[in-house]
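Participant: Prediction below, plus the sequence it came from.
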Amino acid sequence: MNERYLSVDQVAEVLGTTVRFPRRLIEERRITYVKVGRHVRIPESAVREFIDANTVQPRRSNLGKAA
């Protein structure tokens, strides 16, 4: 139970977005969340997983190679 749970405001700050974006992720069930009474909390690990799943790696450049 060492997991840290973040508020929607905190998740928006981590992602560098407005609060509307994490709320939409919750509404569309695109991120794991926990309801604590009427409060919504998002596990830090879920934010990391979301970032990892949506990270686009750069393509390797073929410039310099002969065809």
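Facilitator: Perfect, thanks for sending it. Numbers count the residues shown, from 1 in each chain.

Participant: quick one: Arg24 is in a helix?
Facilitator: Yes - with DSSP: H, G, I helix; E, B strand; the rest coil as the criterion, Arg24 is part of a helix.

Participant: Need the pLDDT of it.
Facilitator: Model confidence at Arg24, given as pLDDT, is 98.

Participant: Next: the one 5 residues further on.
Facilitator: Per-residue confidence at Arg29 stands at 97 (pLDDT).

Participant: Secondary structure class of it, three-state.
Facilitator: Per three-state DSSP, the secondary structure class of Arg29 is coil.

Participant: do the same with Ile42
Facilitator: strand.

Participant: again with Lys35
Facilitator: Under three-state DSSP, Lys35 falls in the strand class.

Participant: Enumerate every residue touching it.
Facilitator: Lys35 makes contacts with Arg41, as judged by C-beta atoms under 8 Å, 6 or more residues apart in numbering. Yep, even glycine has a C-beta here, placed from its N, CA and C like the rest.

Participant: The residue lying closest to Phe50 once chain neighbours are set aside: what's it in contact with?
Facilitator: Of all residues beyond its chain neighbours, the one nearest Phe50 is Ile31 (5.2 Å), with distances taken as C-beta to C-beta, 6 or more residues apart in numbering. Applying C-beta under 8 Å, 6+ apart, one finds that Ile31 lies in contact with Pro22, Leu25, Ile42, Ala46, Val47, Phe50.

Participant: Closest one of the residues you listed to Val56?
Facilitator: Phe50 (13.5 Å; C-beta to C-beta).

Participant: can you give me phi and psi for that closest one?
Facilitator: In this entry, Phe50 is assigned phi and psi values of phi -60, psi -50 (degrees, to the nearest 10).
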